[in-house]
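> Compute the structure for the input listed below.
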Amino acid sequence: MEKVSQLGHYRIDSELAHSNICTVYRGFEASLGRPVLIKKLHPQMAREDDIRNRFEREAQACAQVKHENIVDIYGYYAEPDQTMLVLEFVDGPSLAELVAAGEHIPWKPALAILHGVLKGLAYAHSKSVIHRDIKPDNILISKQGKVKISDFGLATLEDAPKLTRQGMVVGTPAYMPPEQITGSTIDQRSDIFSLGATFYELLTGTSPFFADNFSEIMKKVLHANLQKPSAVIPDIPTEFDQIILRMIEKQPTKRYASAEQALLDVRRLAEQYAVPLHTEAVREFLSSTLPADSAWKRKSTTLPIPAPIKRRKSVWRYVAAGAALIAVVLIVYGISSQKRPPEMLPPSVEKVTGNETAAEKVVSQPPESEVRTIAQDRTSENERRANTQTETTEPETQVARIDPRIKTPPVQKPLTDINNIRNTQSPAQQSGNKAIQQQPGWLNISTRPWATVIIDNETIGNTPLTSAVELSPGEHQLVLVNDQFPTPVVESISIEPGSEKKISIDLWSYFAVINIRSVKPWAEIFIDKVLYGETPLAKPIILPPGRHEIELRNPDCQTWRKTVNINRGDPPEEISVVLEPLESIDLNP
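Got it, this is the predicted structure:
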């Protein structure tokens, strides 16, 4: 990877994060003598409308919400070969890093931090900006104790009705409000839910809705009944319980109607228990928790910074390893066979002597619980031979295992189940099969259009991926997320050991697509009583499959209505309409 030392007039000090979409740097603006955070979009990604629009939305949102509790924007550059955001650099941890450093945060400093976040959120909401991705990673605390909300890349603005009203599922699943999952209307109460889930985790050390996969997370968000935080951490006041539980009510109407309303309860609680809410109180907590010389690398979560893709490894590496293992075992068997006289018992029933190597012991010595004393099943000659071995204190009622490579075991009285035993696999065969079964497989995935790939709740990256993803054999859950679509696409995939699975998924086929091609003269578009904007509409409307009611309204024309039932895989519903004018009223009948 090419090392970057300068971007425009910004000096690059270090690279903080890298993804398939962008690279995040810590930089320095010499003219103003201040550190900056730079998010640079990769040139090939700048050609993707959705991704470039997300960058622009973050710039617009940050420009509208200048507040002490919100990360500031210094510049936005949209050039063909250099699209980047320049933001305030916050030298301090995120809430996620604070939780990772300890089990939970004491309730008094947590209350002061919540106060700062609510102030920033209230201001953003007053400017009609909804964040839509509030989570511990996106709340930063400077070493001076200033609380900052960051990463407005998923934010919606009031003047963008499609983004505001369509209710698409974006953000981080474990902090996602129910209405985002169900595709309902998103408003400021959605941010309040996410903030409540964040502070539930901060207070208890446990994410309230976390699960092993996306489907289980969604079930928890929609249906789980949570215990109050004080049931986990007893010293949390009941009043704080009530604040958090009201924030994460599943029904939006039962939550705080606004961040200002939640702020009032926070201030009442602080006054009741004499808890300081100012910046100095947060700074003192931070200085007592973190080393004085700690340096925090700030990551960007506006655009997914995925975990490194597990690179494909050659299958021949595993085949060679398995072959080598089999060869070693066979050699050991050969050496063991040469050492014993022909009339001796096969190694699978011999006692281990002190002269055997460690490898021979592993191969030739079965567990004692599976060996029957030779004297019980041998003729007098075999009894004499058994007496030459190491003495046993007591006879054992166990079954002898016969080496399947020997067609006729050198015994006078064969066991009754000898045929079944002959059909069992040798240790060498078992080892070889086990090695094959443990080989990983690979998933090669392509999508139309791009999507963030999440496998077993781990973000892999954004398509197109640069290489196949290495996975263990078995069933895995695949989740594809693109905020252009109302819900994620969730599929189960099966991976075979040592093989590559190639899949190509067209996200459009999972949804109902409505194209409003032409409406004359013009109309407001309502679908299921939700306003999607006015005609002309440049992009299609994407909805969950099923029954939908379309209305086109113009105050000077008759309302046009149509009910459609669009199933998965159906072609888009194309609409071209000429609205009929309202009938004139005859005043002289």
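> Surely Glu97 is within a helix?
Yes. Using DSSP: H, G, I helix; E, B strand; the rest coil, the assignment for Glu97 is a helix.
> count of neighbours near it?
Residues lying near Glu97 (other CB atoms under 10 Å) number 19. Heads up, the C-betas are built off the backbone N, CA and C, glycines and all.
> end-to-end on stretch 43-54?
15 Å (CA to CA, to the nearest Å).
> Pull out the buried residues from stretch 439-456.
439-443, 445, 447, 450-455 (16 or more other CB atoms under 10 Å).
> same deal with stretch 521-534?
523-527, 531-534.
> cool, stretch 114-132 as well?
For stretch 114-132, burial by neighbour count (16+ other CB under 10 Å) applies to 114-125, 128-132.
> do the same with stretch 261-278
Within stretch 261-278, the residues scored as buried using 16+ other CB under 10 Å are 262-263, 265-266, 269-270, 275, 277.
> Likewise for stretch 19-32?
Buried residues in stretch 19-32, counted by 16+ other CB under 10 Å: 19-27, 29.
> Need these in CSV (columns: distance to Ile575 and pLDDT).
As requested, those are exported to CSV (distance: CB to CB, whole Å; pLDDT from 0 to 100):
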residue, distance to Ile575, pLDDT
Ser19, 38, 74
Asn20, 36, 72
Ile21, 34, 77
Cys22, 37, 82
Thr23, 42, 87
Val24, 42, 89
Tyr25, 46, 92
Arg26, 50, 93
Gly27, 49, 93
Glu29, 50, 93
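> and which of those residues is nearest to Tyr10?
Taking CB to CB as the measure, Gly27 is the one of the buried residues of stretch 19-32 closest to Tyr10, at 4.2 Å.
> wait, doesn't that closest one sit right on Arg11?
Yes. The pair Gly27 and Arg11 qualifies as a contact (CB atoms under 8 Å) at a distance of 6.0 Å.
> Could you report the neighbour count for Lys66?
By the criterion of other CB under 10 Å, Lys66 has 11 neighbours.
> All further residue positions should be reported with the first residue as 352.
From this message on, residue numbering opens at 352, which makes the last subject Lys417.
> Distance check, the nearest residue to it once chain neighbours are set aside against Gln612.
Among residues not flanking Lys417 along the chain, Asp423 sits closest, at 6.7 Å (CB to CB, 6 or more residues apart in numbering). Distance of Asp423 to Gln612, given as CB to CB, to the nearest Å: 26 Å.
> Then Leu882?
Counting by CB to CB - Leu882 and Gln612 are separated by 26 Å.
> Poorly predicted segments of the stretch 752-901 of the chain, please.
Applying pLDDT under 70 to the stretch 752-901 of the chain flags the ranges 752-788.
> Helices along that one, start to end?
Along the stretch 752-901 of the chain, counting by DSSP state H, counting those that start in this stretch, helices occupy 769-773, 778-788.
> that's a strand at Gln612, yeah?
No. Gln612 is assigned helix when assessed by three-state DSSP, not a strand.
> any idea how far Ile599 is from it?
With distances taken as CB to CB, Gln612 is found 15 Å from Ile599.
> same check, this time on His393
37 Å.
> Just want to know which of those two has more residues nearby.
Ile599 (24 against 16).
> That one - nearest residue in space that isn't next to it in sequence?
The spatial neighbour of Ile599 that comes closest, neighbours along the chain excluded (CB to CB, 6+ apart), is Gly547 at 3.8 Å.
> on contacts alone, who are the packing partners of the helix or strand that contains the one you found?
Secondary-structure element containing Gly547, defined by DSSP states H and E: helix 539-555. If contacts are counted by 3 or more CB pairs under 8 Å, 6 or more residues apart in numbering; DSSP states H and E, helix 539-555 sits against helix 446-452, helix 458-477, strand 480-481, helix 529-533, helix 589-598, helix 610-624.
> and for the fifth one, what are the contacting residues?
In this structure, residues lying in contact with helix 589-598 by CB atoms under 8 Å, 6 or more residues apart in numbering are 458, 462, 543-544, 546-547, 550-551, 554, 577, 579-581, 605-607, 613, 616-617, 619-620, 623.
> out of those, which are buried?
For the contacts of helix 589-598, a neighbour count by 16+ other CB under 10 Å gives the buried set as 458, 462, 543-544, 546-547, 550-551, 554, 577, 579-581, 606-607, 613, 616-617, 620.
> Look up how far Lys605 lies from the residue nearest to Asn918 when sequence neighbours are not counted.
Leaving out its chain neighbours, the residue that sits closest to Asn918 by CB to CB, 6+ apart is Pro896, at 5.4 Å. Distance of Pro896 to Lys605, computed by CB to CB: 30 Å.
> right, and Arg868 touches Glu924 too?
No. With contact defined as CB under 8 Å, Arg868 does not reach Glu924; the gap is 10.2 Å.
> more neighbours, these two?
Taking neighbours as other CB under 10 Å, Arg868 and Glu924 compare with Glu924 leading, 19 against 13.
> quick one: contacts for the more buried one?
Each residue near Glu924 by CB under 8 Å, 6+ apart is listed here: 863-866, 915, 917.
> residues in contact with Val441?
For Val441, the contact set (CB under 8 Å, 6+ apart) comprises 388, 422, 491-493, 497, 499, 501, 649.
> Output those residues as TSV; include the columns neighbour count, pLDDT and distance to Leu933.
What follows is the contacts of Val441, written out as TSV (neighbours: other CB atoms under 10 Å; pLDDT from 0 to 100; distance: CB to CB, whole Å):
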residue	neighbour count	pLDDT	distance to Leu933
Leu388	22	93	55
Val422	21	93	51
Leu491	24	95	55
Ile492	27	95	59
Ser493	19	93	60
Lys497	16	95	58
Lys499	22	96	53
Ser501	26	92	51
Arg649	20	46	58
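> any chance of the residues you listed in CSV, with secondary structure and distance to Ser823 too?
Formatted as CSV, the contacts of Val441 follow (DSSP: H, G, I helix; E, B strand; the rest coil; distance: CB to CB, whole Å):
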residue, secondary structure, distance to Ser823
Leu388, strand, 36
Val422, coil, 39
Leu491, strand, 35
Ile492, strand, 38
Ser493, coil, 41
Lys497, coil, 44
Lys499, strand, 39
Ser501, coil, 35
Arg649, coil, 33
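> With respect to Glu430, which of those is nearest?
Once CB to CB is applied, the member of those that ends up nearest Glu430 is Leu388, at 19.0 Å.
> which residues does the closest one bridge with?
Legend: beta-bridge partners of Leu388 under DSSP bridges are Arg377, Leu438.
> which residues sit in contact with it?
Neighbour list for Leu388: 367, 375-378, 437-441, 649, 651 [criterion: CB under 8 Å, 6+ apart].
> out of these, who's nearest Arg405?
Using CB to CB, Ser651 comes nearest to Arg405 of these, at 11.8 Å.
> check contacts around Pro896.
861-863, 917-919, 921.
> typo on my end, Glu430
Glu430 makes no contacts at all, as judged by CB under 8 Å, 6+ apart.
> which residues does it form a beta bridge with?
Under the criterion used (DSSP bridges), Glu430 bridges to Gln433.
> For Leu446, see how far away it is.
Glu430 is 34 Å from Leu446, where distance means CB to CB.
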